[in-house]
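Visitor: I need the structure of the sequence given here:
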Amino acid sequence: MDFTQLPSILTPDLGLLFWMLLAFLVVFGVLAKFGFPAITKMVEERKQYIDESLRKAHEASERLENIKQEGEAILQQAREQQAQILKEAAETRESIVETAQQKAREEGARLISEAKAEIEQEKHAAIADIRKQVAELSVDIAEKILKQNLKDSKDQMRLIDKMLDEVSSIK
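Guide: Numbers count the residues shown, from 1 in each chain. This next block holds a predicted model:
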């Protein structure tokens, strides 16, 4: 293969190679002096920013986990308090119901007692009224019978003597 026929860019001469090497070294030197430190500084700052962000994310994650645990603890405590309050409310309700039932029993017994006393008073009043009416009827009947039997004065005198004899014999 003949390399003489190839274009000069693929087969550079020594002068071109020297100037290309010199230009490369100048650009590399400028980059090494100013570009690479700036690039490494930016990469380092980016690395620190990422590390700081990861640290903050980890702290935030830990805080979030702590908050979740505290929330669960508060929720559990609230459930326990709710159960306690419901238990106390049930006990209070039972106490109130028992008290109300006891008062109702006492009131019922009192009302029954008062009703019995009132019935007894009315019974005595009715008996007294009946006795009074029976006595009045007896007197009326006796009066009518005596009027019929004692029409004349002889019969009246005989009845008076008989009663006086009975009263004398009793004493």
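Visitor: what is the helix or strand where residue 83 lies packed up against?
Guide: Using DSSP states H and E, the element containing residue 83 is helix 36-149. Using 3 or more Cβ pairs under 8 Å, 6 or more residues apart in numbering; DSSP states H and E, the elements in contact with helix 36-149 are helix 153-170. Yep, even glycine has a C-beta here, placed from its N, CA and C like the rest.
Visitor: got the angle between the helix it packs on and helix 36-149?
Guide: Taking axes from the mean of the first three to the mean of the last three Cα atoms, to 10 degrees, one finds helix 153-170 and helix 36-149 inclined to each other by 120 degrees.
Visitor: which parts of the helix-or-strand element of the chain with minimal mean pLDDT are buried?
Guide: Of all helical and strand segments in the chain, the minimum by mean pLDDT, DSSP states H and E falls on helix 153-170, at a mean of 73. By neighbour count with 16 or more other Cβ atoms under 10 Å, helix 153-170 contains no buried residues.
Visitor: who are the packing partners of that helix?
Guide: For helix 153-170, the packing partners by 3+ Cβ pairs under 8 Å, 6+ apart are helix 36-149.
Visitor: what's the spacing between the helix it packs on and its chain's center?
Guide: Mean-position distance between helix 36-149 and its chain equals 10 Å (Cα atoms, centre = their mean, to the nearest Å).
Visitor: what about that helix, average pLDDT?
Guide: For helix 36-149, mean pLDDT is 91.
Visitor: measure residue 21 to residue 114 for me?
Guide: 131 Å (Cβ to Cβ, to the nearest Å).
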